[in-house]
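**Q** Return atomic coordinates for the entry below.
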Amino acid sequence: MNSGTEPAPPGRSPQDPPPLGRRSFVAGAGAAALLGATGAGAPTAHAAQAPALATQATAPTTPVAAPAAQVTGIVEGNLPDFHPLLKDELRFPLAWGTSPVRDFRAWRRAARAKVEEHLLVERDHTPYEPVFDVGDRGDRGDRAEADAYTRESVTLSLTRYERVRGSLLTPHGTGPFPAVLLLHDHGAKFDIGKEKLVRPWNDDTRLASAQAWADRCFGGRFVGDELARRGYVVLALDALGWGDRGPVTYEQQQALASNFFNLGSSLAGLMAREDVRAAGFLAGLDRVDRRRIAAVGFSMGAFRAWQTAALSDDIAAAASVCWMTGLKEVMVPGNNILRGQSSYCMLHPGLARHLDFPDVASIAAPKPSLFFHGALDTLFPAQGVRVAHEKLHAVWRSRRAGEHLHTKVWPELGHVFTVPQQDEVFGWLDAVL
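**A** Numbers count the residues shown, from 1 in each chain. Just a heads-up that it's a prediction; the model follows:
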């Protein structure tokens with residue numbers, strides 16, 4: 001078998017040290033002289049061996065076995081077998097309580113700046129220039145639920161790169177109203193995005209797909225429509241790859257994210273910037289009370305909700321259902337996050353050298369924040385959820401705002417956002433906004 005090395009000369013063992021040439025001798029002697037000239041303490045091993053090295057070419061020596069090479073490879077879950085060592089190096093030095101910055105406002109500015117640095121996408125102040133589509137059913141779009149609210153499509157610029165179409169629901173009555181930025185999940189289902197949360201109109205194909213998703217994840221409800229019925233303006237937009245901005249396929253996600261990186265950008269960073277911009281758009285609508293805007297999401301949408309609350313001053317509260325964990329605890333063989341693919345929607349390269357997931361969410365403190373988890377949710381190990389919740393509570397308590405943080409584990413539930421959970425979130429929003 002070819003080992004990649006030249007065969008040993010006749011009379012020599014492959015384990016024997018190679019003969020010392022003139023260049024090696026001069027380099028070794030020079031290094032020894034340099035160490036001596038710098039006043040280093042006891043002679044180094046190289047310096048002590050230098051006289052013997054001069055005669056090595058002619059004097060017989062005892063063969064010295066080379067140290068055994070440590071073989072590394074890939075273990076279950078596409079992890080390097082030294083991944084425990086990489087985990088040990090993650091100390092999250094910028095976390096509140098660990099960071100040398102002791103003033104919370106200064107820490108929040110520093111932590112937010114660090115997150116934004118790792119988004120790889122610059123802030124974008126392109127004018128929104130919204131165009132409202134009132135549809136074809138009257139002068140204010142499709143009137144829904146016995147005139148409780150109005151549905152409209154709105155097309156706007158979240159970045160300088162493209163226009164994005166969203167669904168906007170407005171309660172009937174006298175505003176300004178509280179508002180919810182509703183952020184859709186991943187679910188490996190790309191034909192719909194905003195329609196997972198807002199019932200589509202004038203599109204029977206998407207309606208059938210959306211109703212099936214609502215039945216699977218939301219107890220048959222469209223969360224956005226229920227919020228509008230309760231008096232909230234609701235905005236839902238497609239992330240890149242979903243609905244009107246896709247559909248991507250499951251297998252294409254990694255290539256899409258890689259292409260972003262090669263273009264000096266980031267898929268997850270774009271999503272983060274767009275969500276912040278969407279919050280700003282909501283805050284600028286005359287119909288909205290800009291002091292009473294919440295971000296709400298399930299699964300990947302939950303990640304987006306707490307991330308937006310951390311990065312946007314336009315968000316006053318956030319409700320996040322089924323996405324919060326410590327990073328180390330979720331990076332274990334068998335976990336879905338190790339597959340890649342969907343992980344790229346939530347991956348900011350290098351940020352883990354500074355902040356853990358709950359550390360980023362803590363930038364939002366002391367804003368009212370809710371985190372729900374299902375004990376039967378296999379995507380997030382219980383230990384990771386406990387670690388994250390403990391970190392979050394420590395930060396909110398440090399701000400004397402412990403009552404503003406609501407965490408709850410639902411023992412009988414998995415990765416879902418059921419009607420009872422929704423009702424509790426809606427009541428919580430009524431109380432904090």
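
**Q** Not counting its own residues, what contacts stretch 189-196?
**A** By CB atoms under 8 Å, 6 or more residues apart in numbering, the residues outside stretch 189-196 that reach it are 166-167, 182, 184-185, 187, 200, 206-207, 209-210, 213-214, 217, 236-239, 241-250. For the C-beta atoms, the positions are set from N, CA and C on the backbone; glycine is no exception.

**Q** Out of those residues, which sit inside helices?
**A** When DSSP state H defines the helices, the subset of the contacts of stretch 189-196 inside them is Arg206, Leu207, Ser209, Ala210, Trp213, Ala214, Cys217.

**Q** So how do I select the buried members of these in PyMOL?
**A** Typed into PyMOL, the line below selects the buried ones among those, using 16 or more other CB atoms under 10 Å:
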select buried, resi 206+209+210+213+214+217
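
**Q** Save the ones in helices among the contacts of stretch 189-196 as JSON lines, and put in pLDDT too.
**A** Below are the ones in helices among the contacts of stretch 189-196 laid out as JSON lines (pLDDT from 0 to 100):
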{"residue": "Arg206", "pLDDT": "96"}
{"residue": "Leu207", "pLDDT": "98"}
{"residue": "Ser209", "pLDDT": "98"}
{"residue": "Ala210", "pLDDT": "98"}
{"residue": "Trp213", "pLDDT": "98"}
{"residue": "Ala214", "pLDDT": "98"}
{"residue": "Cys217", "pLDDT": "98"}
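
**Q** Going by distance to Ala111, which of the ones in helices among the contacts of stretch 189-196 wins?
**A** Cys217 (31.8 Å; CB to CB).

**Q** Now that closest one: closest residue in space, sequence neighbours ignored.
**A** Once flanking residues are discounted, Cys217 sits nearest to Val416: 5.6 Å by CB to CB, 6 or more residues apart in numbering.

**Q** Now do the contacts for the one you found.
**A** Cys217, Phe218, Gly219, Cys322, Gly374 are the contacts of Val416 under CB under 8 Å, 6+ apart.

**Q** Equivalent analysis for Gly326, please.
**A** Residues near Gly326 by CB under 8 Å, 6+ apart: Asp356, Phe357, Pro358, Gln383, Gly384, Val387, Ala388, Lys391.

**Q** Write the PyMOL selection for whichever of those are buried.
**A** Buried subset of the contacts of Gly326, written as a PyMOL selection, criterion 16+ other CB under 10 Å:
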select buried, resi 356+357+358+384+387+388+391
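
**Q** Identify those among the contacts of Gly326 that sit within helices.
**A** Residues of the contacts of Gly326 located in helices (DSSP H): Phe357, Pro358, Gln383, Gly384, Val387, Ala388, Lys391.

**Q** Please identify which of those residues is nearest to His125.
**A** Distances from His125 to these, taken by CB to CB, are shortest for Phe357, at 28.2 Å.

**Q** For the closest residue in space to the closest one that isn't next to it in sequence, the count of nearby residues, please.
**A** Among residues not flanking Phe357 along the chain, Leu327 sits closest, at 5.8 Å (CB to CB, 6+ apart). Neighbourhood size, Leu327 [other CB atoms under 10 Å]: 20.

**Q** give me phi/psi at Leu327?
**A** Note on Leu327: its backbone torsions stand at phi -60, psi -50 [degrees, to the nearest 10].

**Q** Could you do Trp396 as well?
**A** The phi/psi pair for Trp396 (degrees, to the nearest 10) is phi -60, psi -40.

**Q** for the one 4 residues further on, same thing?
**A** Recorded main-chain torsions at Arg400 are phi 50, psi 40, according to degrees, to the nearest 10.

**Q** Likewise for Gly326?
**A** Dihedral angles (degrees, to the nearest 10) for Gly326: phi -80, psi 140.

**Q** What does the pLDDT read for the closest residue to it other than its chain neighbours?
**A** Residue nearest to Gly326 in three dimensions, not counting chain neighbours: Val387, with 3.8 Å by CB to CB, 6+ apart. Looking at Val387, its pLDDT reads 98.

**Q** and if you look at Pro63?
**A** With respect to pLDDT, Pro63 scores 53.

**Q** Equivalent analysis for Pro9, please.
**A** You'll see Pro9 listed with a pLDDT of 37.

**Q** Arg339 now?
**A** 89.

**Q** Next, the residue nearest to it when sequence neighbours are not counted: phi, psi?
**A** Nearest residue to Arg339, sequence neighbours excluded (CB to CB, 6+ apart): Asn78, at 7.4 Å. Main-chain torsions, Asn78, degrees, to the nearest 10: phi 60, psi 30.

**Q** Please tell me I have it right and Asn78 contacts Gly340.
**A** Yes. With contact defined as CB atoms under 8 Å, Asn78 counts as touching Gly340 (7.2 Å).

**Q** rewinding a little: any idea of the pLDDT on the residue nearest to Cys217?
**A** Here, the pLDDT recorded for Val416 equals 98.

**Q** can the contacts of Gly326 go into CSV with extra columns for distance to Val134?
**A** As requested, those are exported to CSV (distance: CB to CB, whole Å):
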residue, distance to Val134
Asp356, 45
Phe357, 41
Pro358, 43
Gln383, 51
Gly384, 46
Val387, 49
Ala388, 43
Lys391, 46
